[in-house]
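**Student:** Build the 3D model from these lines:
(one chain, ligands or ions: 1)
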Amino acid sequence: MAKLSTHFLDLPVANPLMNASGVWCSVASQLEALAESTSGAMVTKSCTLQPRDGNPEPRYRVLADAGQLFGSINSMGLPNEGFAYYLHYAQRHDHEAKPLFMSLSGLTLDDNLTMIDSLKDAVTPTILEVNLSCPNVPGKSQIGYDFEAMDTLLAEVSSGYQRPFGVKLPPYFDMAHFDEAAEILNRYPLVAFITCINSVGNALMIDLDSETTLIKPKDGFGGLGGDYVLPTALANVNAFYRRCPDKAIIGCGGVKSGREAFLHILSGATLVQLGTALYEEGPGIFPRVLDELAAIMDDKGYQTIAEFHGKLKTIA
Ligand code: DHB
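**Tutor:** Presented below is the predicted three-dimensional model:
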């Protein structure tokens, strides 16, 4: 039987699956459900310094049609309980049982630096991820699409935190942007991992019958997840895996079964996140996807993840 255990930044992890930030991780009861699930790791909802209510509802909708294509659109607007709440959870979490990531998404650079200072002082084994790609706060653009702001933020976080951390990136769609983003990230050795991708931002889904947008905030514009984003996610995972050989990649986007999890790992992901599918199915999805992943490995004769991690073949 295939062995699913792996390592992330020298930490042993029971398996490569975890939640995508934002899904099943906003309040303690959800985080506790993730801690008790068979996921290998888990991440908290992106938080701001102060609690926020987020955007008006409806702000999340699942998309499915007769052809079964499946996805989601959301413009949550960073509803969260505030940094102190997630730090408190992190201080109670059993980090040996399961690594915990904390996702920070400050509304300003100063807010990010304030949170990072507190996290550093709290001395927990929590792994810091700075979210550079929230598409849903009206009037705020994504740092990941502003390379100068990204460079400044990475310099400030590196000198403030002085420990390894990671970043959550938006999807890129141009080779020149992969090159430029990777070149900036490679300037910062403390950037130990890169999570690719956040939702494909500012999509528009429309109900044919009512001729109305599916969600209310931002005139219906929101981040796209699910089947629609798998090829974009795989491209971003592989693009950064190739360009950032000293960093780990966490894959996110379009995973709903063992098949997509396998493809993310083949493209270079060390850990693989579940977003839309976890939202729909709940934490019971983890044992299903793990079984499917193990079955694919068994079929192919792979006994460990290392045997196919990053081993994507191209056509000569
Ligand atoms: C939200 C959405 C994101 O994609 C993200 O990275 C952070 C926050 C949100 O709308 O709450």
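**Student:** Please, which helix or strand holds I73?
**Tutor:** I73 belongs to strand 70-74 when assigned by DSSP states H and E.
**Student:** Quick check: mean pLDDT of that strand?
**Tutor:** Averaged across strand 70-74, the pLDDT comes to 95.
**Student:** Enumerate the positions of that strand that are buried.
**Tutor:** Buried residues in strand 70-74, counted by 16 or more other Cβ atoms under 10 Å: F70, G71, S72, I73, N74. Any C-beta I mention is one placed from the backbone N, CA and C, and that applies to glycine too.
**Student:** do the same with stretch 218-234
**Tutor:** Within stretch 218-234, the residues that count as buried by 16+ other Cβ under 10 Å are 218, 220-230, 232-234.
**Student:** So which of those is the closest to the ligand?
**Tutor:** Within the buried residues of stretch 218-234, proximity to the ligand (Cβ to the nearest ligand atom) peaks at G223, which comes in at 4.8 Å.
**Student:** The closest one pairs with what?
**Tutor:** Bridge pairing for G223 (DSSP bridges) gives the partners N74.
**Student:** show me what contacts it?
**Tutor:** For G223, the contact set (Cβ atoms under 8 Å, 6 or more residues apart in numbering) comprises I73, N74, S75, P135, N136, N198, S199, V200, G201, N202, A203.
**Student:** tell me the pLDDT at it?
**Tutor:** Taking G223 on its own, its pLDDT is 98.
**Student:** So it versus K45, what's the distance?
**Tutor:** Noted for G223: a distance of 14 Å to K45, by Cβ to Cβ, to the nearest Å.
**Student:** Pull the number of nearby residues for A84.
**Tutor:** 14 (other Cβ atoms under 10 Å).
**Student:** same check, this time on A155
**Tutor:** The local packing of A155 (other Cβ under 10 Å) involves 13 other residues.
**Student:** what about the closest residue to it other than its chain neighbours, which SS state?
**Tutor:** Leaving aside its sequence neighbours, A155 sits nearest to Y188 (Cβ to Cβ, 6 or more residues apart in numbering; 7.3 Å). Taken by DSSP: H, G, I helix; E, B strand; the rest coil, the conformation at Y188 corresponds to coil.
**Student:** what angle sits between the least confident helix or strand in the chain by mean pLDDT and strand 70-74?
**Tutor:** Within the chain, confidence by mean pLDDT, DSSP states H and E is lowest for strand 60-64 among all helices and strands, at a mean of 91. Counting by axes from the mean of the first three to the mean of the last three Cα atoms, to 10 degrees, strand 60-64 lies at 160 degrees to strand 70-74.
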